[in-house]
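1. this one's sequence-less:
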């Protein structure tokens with residue numbers, strides 16, 4: 001019996017020795033992680049971009065995570081960086097870039113861009129590139145740029161006998177228009193239709209400060225304090241706050257809590273709304289009325305503020321070259337066109353923004369050229385390590401003044417005192 005077992009064992013060994021060993025399964029590279037923050041329309045556009053990239057790059061898998069809340073998104077990013085498990089690629093607005101570049105958490109993309117046979121710096125608007133430049137190095141590659149505009153309900157304008165806003169309308173024209181469009185429709189002494197809606201924040205007030213010749217900080221090269229108390233800045237902030245406290249063309253805090261201005265615009269009960277290009281996909285769902293966009297009313301000089309997001313590559317990423325391939329693909333003409341078609345973005349590429357691919361008169365808003373015409377007047381907030389903290393302090397104080405809870409002078413003093421530590 002033992003001899004038979006030994007014989008069979010010998011036969012099996014010989015047979016196995018004569019067989020070609022099976023090839024091991026090829027190792028699949030770890031997926032590239034890509035984080036964004038956006039609404040469903042944003043997510044759909046970026047998922048289409050990811051799908052196109054993976055078709056063209058079969059060796060790379062991209063996993064997209066969308067965290068809709070901007071605050072939750074930034075908290076998740078901070079936590080992941082702290083744990084040394086950041087996403088390989090993430091989209092970030094330049095206003096929130098400071099803490100990451102101060103800690104060298106981002107891999108600058110200058111070298112990749114210089115070596116690229118697909119992209120060049122000259123493809124992009126310099127205003128967008130400058131916003132993401134830290135200590136002479138381009139940190140992230142901007143894929144969009146925008147500015148705040150006035151979205152307006154054309155049907156409400158027509159019902160009030162008003163023409164579309166003129167390209168050169170003034171602050172006084174704007175106030176008169178907003179007052180005309182603020183109405184009690186049923187005679188119950190309650191406002192049913194407001195003329196204007198805006199978030200009381202520094203990013204919304206800043207264009208008016210700059211238009212009025214004011215500044216937000218004392219020294220751009222080495223800022224030491226806010227200058228909200230300077231005459232020109234304070235005058236502009238007073239005009240902004242008075243839209244709610246004096247003219248009552250904006251919902252007060254109680255009305256805004258009951259239904260926010262974005263919802264009122266969507267439901268046809270708000271005539272004008274200040275927002276960047278990001279609102280366009282949602283507004284394209286409106287069927288009940290006609291709408292378009294107009295420039296901000298003009299002050300003493302042209303000025304507006306840049307809104308821009310960029311693809312950033314984490315310095316701790318183990319897949320930086322693959323990450324760059326994705327960023328490079330996303331910023332080709334085809335990649336940016338795909339996102340522009342969603343309505344969400346004003347392309348950062350010069351050859352795409354000022355072209356029929358973006359300026360399509362058959363797609364709302366019909367007057368998209370407003371965004372292009374604003375580019376020469378674009379300004380930015382400074383790229384400072386603590387800018388997000390400074391902005392948060394000002395927003396909190398400005399909102400109280402805007403809703404009449406404290407005088408503007410008190411809000412300014414509070415903002416300057418509370419922000420002082422972030423300039424040290």
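-> Cool, got the structure. These figures come from a predicted structure and were not determined experimentally.
2. rest of the way, CA atoms for contacts and neighbours
-> Fine.
3. sec struct for residue 395, please.
-> What DSSP: H, G, I helix; E, B strand; the rest coil gives for residue 395 is helix.
4. tally of neighbours for it?
-> For residue 395, the count of nearby residues is 21 (other C-alpha atoms under 10 Å).
5. Of all the residues in stretch 346-364, which ones are buried?
-> Using 16 or more other C-alpha atoms under 10 Å as the burial criterion, the residues of stretch 346-364 that qualify are 346-349, 352-354, 358-359, 364.
6. Just flag the most distant two among the residues you listed.
-> 349 and 364 (20.6 Å; C-alpha to C-alpha).
7. quick revisit: and of the buried residues of stretch 346-364, the nearest to residue 192?
-> Taking these together and measuring to residue 192 by C-alpha to C-alpha, the closest member is residue 364, at 26.4 Å.
8. now that closest one, what's its secondary structure?
-> Strictly by three-state DSSP, residue 364 counts as coil.
9. quick one: residue 393 and residue 418, what's the gap?
-> Remark: distance between residue 393 and residue 418 (C-alpha to C-alpha, to the nearest Å) = 7 Å.
10. what's the neighbour count on the closest residue to residue 186 other than its chain neighbours?
-> Spatial nearest neighbour of residue 186, excluding adjacent residues (C-alpha to C-alpha, 6 or more residues apart in numbering): residue 192 at 7.9 Å. Counted with other C-alpha under 10 Å, residues neighbouring residue 192 total 16.
11. which ones are touching residue 192?
-> By C-alpha atoms under 8 Å, 6 or more residues apart in numbering, residue 192 lies in contact with 182-186, 269.
12. Then residue 281?
-> 41, 342-344.
13. Buried ones only from those, please, as a ChimeraX command.
-> Per 16+ other C-alpha under 10 Å, the buried members of the contacts of residue 281 correspond to this ChimeraX selection:
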select :41,342,343,344
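14. Going through the contacts of residue 192, which ones are buried?
-> 182-183, 269.
15. in stretch 404-422, what counts as buried?
-> 404, 407-408, 411-412, 414-416, 419.
16. swap in stretch 217-231?
-> By neighbour count on 16+ other C-alpha under 10 Å, the buried set for stretch 217-231 is 217, 225-229.
17. Same question for stretch 387-400.
-> 387-391, 393-400.
18. average pLDDT for that stretch?
-> Summarised as a single mean, pLDDT over stretch 387-400 is 97.
19. Would you mind listing the outside residues contacting that stretch?
-> 95-96, 98, 200-202, 406, 408, 411-412, 414-415, 418-419, 422.
20. That one: how far from the chain's middle?
-> 18 Å (C-alpha atoms, centre = their mean, to the nearest Å).
21. Just want to check the distance between residue 238 and residue 335.
-> Taking C-alpha to C-alpha, one finds residue 238 at 43 Å from residue 335.
22. any idea which element residue 63 lies in?
-> Element membership for residue 63 (DSSP states H and E) is strand 62-66.
23. For the helix or strand just after that strand, list every residue counted as buried.
-> With elements assigned by DSSP H and E, the helix or strand that comes after strand 62-66 is helix 70-82. Residues of helix 70-82 classed as buried by neighbour count (16+ other C-alpha under 10 Å): 73-74, 77, 81.
24. Check stretch 151-164 too.
-> Buried residues in stretch 151-164 (16+ other C-alpha under 10 Å): 151-157.
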